[in-house]
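*Asks:* Predicted model, plus sequence, below.
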Amino acid sequence: MKFGGGGYVTGLVFHPTTQNLLYARTDIGGAYRWNPAASSWTPITDGLGFSATEGRYHGIESIAVDPNNDQIVYMATGMYTFEGNGRLYISSDRGDHWTYVGLPFSLGGNNTGRAIGERLVVDPNKPSTMLYGSREAGLWKSTDSGLTWAQVTSLSAVKMTADQVSAAGGSGMGVGVVVYDTGTKGSGNATQTVYAAIAPDYVNAAGLASNLYKTSDGGASWSPVSTPVSGYHIPHMVRAADGMIYVAFTKDAGPGAGGPGRLYKFDGNNWTLLKSVDPNGGTNFGLGGVSVHGSGATTRIALGVTNSWGNWSGQQIVQLSDDAGQTWREIEATMPGETASGWVDDVEIDPSDRDHILHVHGGGIIETRNASSATPTWKGSIEGIEETATLAIVTPPAGAPYKFINSAGDVGTWVDTDLTKAPTLGPGLGWSNGNSADMAWSDPLYIAAAGVINSNAAATGYWSGDGGKTWANFATLPAGAKENTGAEGNIVVTSRNNAVWAPANSVPSYTTNSGASWVLTNLPALPVVAQGWGRGYRLAADRQNPNKVYAYDSGGASWSNSPGKVYVSTDGGHTFTLSAGSVSAGLAPNARWVTSIEVNPNAEGDLWVADGNAVYHSVDSGATWTKLPDFASANGAQGASLIALGKAAPGAAYSAAIYVVGVINGVWGVYRSDDGGATWSRFNDDAHQFGGIGVMAADQDIYGRIYVSGTGRGLLYSN
């Protein structure tokens, strides 16, 4: 499903000599390679190595290319440092296929300061030698093309303690940027001069004398370089063709690294100030990305001014100099086309085209191809990049005028009518989370949805009576909704004006008047399983009988003493009765986000539950349940976490096709059954794993079409 961008691209890496070979890394959605023939981005982290148990490797901390071989690319991954050590992925075909090795240190592709870099570098003269600047364990070196790594103890042997990491805000910035100081490549002799930029947290932890160090003997020894400012981060540092090194200093780590910010050039001995930004009049501008092209007095410098929100005359977004930093002009603010201020934390000049300048931002990538113009034109470069985070998805009955309703983080609620175009129908709430939505099955133009406005953390609910063209807010909110805005809540619609809303960690309520008022149901309050641990009822409306509503309590956590159970309402979700059969069925306790309940929309009382470990089926509205023998947790993957029911196969005996995300015979994937669960076949393959699947829904018009969310990969659909 096309949305376009939708998330933070943290870095852009060009191959220095091969035209149009460019990679993009994201914080939660993997990596992409530019496809010049199609003018779009190709995802390169959907396949092997990125299954349901490997979704954290969709957080890309750094990318490096081999300057001597444009087929080779390296990718360092790990979403959060607290999750443990990361991986280095290695490709010899530009990311079409990967192998990987474990790294002996943690990575944080979605931690603070995630645009700092590049941390990973390949020696241009001896590409089997690589360096990595880690967040919490100093500098590391490999001499066998990344297969094994050793700490560069000549710089520091310190590994930050848990207390030091906590004092740094939960993850260190560490050694953020490494630069080989050489103008040659392929000589066969390791480059001797290298610079390493070190963040204040590791400077303090390791007792270092500066936040910039240099070696002149290939790393055998290191010496501090006196810098013109101290206590700052160095988000980017680049070497020009003439050997001049351009260094950005900024006070904060980012994203949107606040200032003061300073850009200097360094000739190995002397520093020259080129640009300053300072907090002024309520602003807090910093410096993010810096890129150079050419050399000498006519060096072109593109400088990203970050944390500078907005677009007006005098604003700074991208500053350009064509005289090595003597003079500057703004080339994005108030210019034709689109603008993207804020998180300008990496900016790159195309090595093969000095008029082509790109930068990252919180919603993707933006570029100009006429940077030398007095008025450069800017346009988003997001075709193929899909990094929205879908929190819930629901499909309407066959024949409805839309395909599905997408409830997503940060971008809110959208009604999608065309898979080839970005959606246009939504409540227009701006920066918001859409947590859940549903429609009346007999009247799908009536939609109700729930979410939160992110700018002020205010809960909100809203409805549309015309298929998403116009919207109105609920006049009131149910009990618990204001205090509990997490995505563990959900809402279902039984008929026009009638809905049941289960806010996170709350007793569900129902409305008979589109939210003008709410009444609590009699469902029991959910016990807290751990402080801050979100839970909530999963609701499902019977599509054949609007008087029936089902509520599934997953138990909260796998280690809780509360097994899963199902409650049944026969009065439209006003009152519920515990299904004794669900208790005797022995549904496993599990976290809400690895469980699912779905109703066959073509048969009354035909229920399916995935309890995280296995699949259960009831044909009598939950009175009795049968456990299917096929699914079981294995190899760290949940046995059954999602269920969706869609249009049946032609001539099938059962009235719906059933799709389950889970594990059969030790293999995780999406499985389909056309015979009511008697037999199953794998529906996806190893090349389509997407870092795991978080939500799923099936189309009621087209057999074989499902909609799934990958880890930070937006919404994808099958044909």
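*Replies:* Perfect, I can see it now.

*Asks:* in the stretch 451-600 of the chain, which spans are helices?
*Replies:* Counting by DSSP state H, counting those that start in this stretch, the stretch 451-600 of the chain has helices at residues 580-585.

*Asks:* do the same with the chain
*Replies:* 162-167, 200-206, 580-585 (DSSP state H).

*Asks:* quick one, what contacts residue 188?
*Replies:* Residues near residue 188 by Cβ atoms under 8 Å, 6 or more residues apart in numbering: 125, 126. (C-beta placed from N, C-alpha, C; glycine too.)

*Asks:* so what pLDDT did it get?
*Replies:* For residue 188, the pLDDT comes out at 96.

*Asks:* And it, how far from residue 126?
*Replies:* 6 Å (Cβ to Cβ, to the nearest Å).

*Asks:* what does residue 337 give?
*Replies:* Distance from residue 337 to residue 126, counting by Cβ to Cβ: 43 Å.

*Asks:* Looking at those two, which one has more neighbours?
*Replies:* Using other Cβ atoms under 10 Å as the criterion, residue 337 and residue 126 rank with residue 126 on top: 18 against 14.

*Asks:* can you pull out the strands in the stretch 351-500 of the chain?
*Replies:* For the stretch 351-500 of the chain, strands defined by DSSP state E, counting those that start in this stretch occupy the ranges 357-361, 364-368, 378-380, 389-394, 404-409, 412-416, 432-440, 443-453, 458-464, 472-473, 490-495, 498-502.

*Asks:* Let me have those strands in TSV, adding mean neighbour count, mean pLDDT and distance to residue 82 as columns.
*Replies:* Shown next, in TSV, are those (neighbours: other Cβ atoms under 10 Å; pLDDT from 0 to 100; distance: least, Cβ to Cβ, whole Å):
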stretch	mean neighbour count	mean pLDDT	distance to residue 82
strand 357-361	27	98	25
strand 364-368	24	98	27
strand 378-380	18	98	33
strand 389-394	25	97	19
strand 404-409	26	97	20
strand 412-416	27	98	29
strand 432-440	27	98	23
strand 443-453	24	98	25
strand 458-464	22	98	29
strand 472-473	13	98	38
strand 490-495	25	98	28
strand 498-502	30	98	30
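
*Asks:* between those, which gets nearest to residue 333?
*Replies:* strand 378-380 (9.9 Å; Cβ to Cβ).

*Asks:* re earlier: go through the helices of the chain and pick out the most buried.
*Replies:* Greatest average neighbour count among the helices of the chain goes to helix 200-206 (a mean of 21), per mean count of other Cβ atoms under 10 Å.

*Asks:* from the chain's centre, how far out does it sit?
*Replies:* 29 Å (Cα atoms, centre = their mean, to the nearest Å).

*Asks:* try stretch 349-361
*Replies:* Stretch 349-361 sits 24 Å away from the centroid of its parent chain (Cα atoms, centre = their mean).

*Asks:* now could you export just the CA positions of it as CSV?
*Replies:* The C-alpha trace of stretch 349-361 is given here as CSV (Å, rounded to 0.1, in the frame of the first residue of the first chain):
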residue,chain,number,x,y,z
ILE,A,349,26.1,16.1,-2.3
ASP,A,350,26.0,13.5,-5.1
PRO,A,351,29.7,12.7,-5.9
SER,A,352,28.8,12.5,-9.6
ASP,A,353,26.6,15.6,-9.8
ARG,A,354,27.3,18.6,-7.6
ASP,A,355,23.8,20.0,-8.4
HIS,A,356,22.1,17.0,-6.8
ILE,A,357,21.8,17.5,-3.1
LEU,A,358,19.7,15.3,-0.8
HIS,A,359,19.0,15.3,2.9
VAL,A,360,17.1,13.2,5.4
HIS,A,361,14.2,14.3,7.6
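
*Asks:* just to revisit the earlier point, which one of the helices of the chain has the poorest average confidence?
*Replies:* Sorting these by mean pLDDT places helix 162-167 lowest, at a mean of 93.
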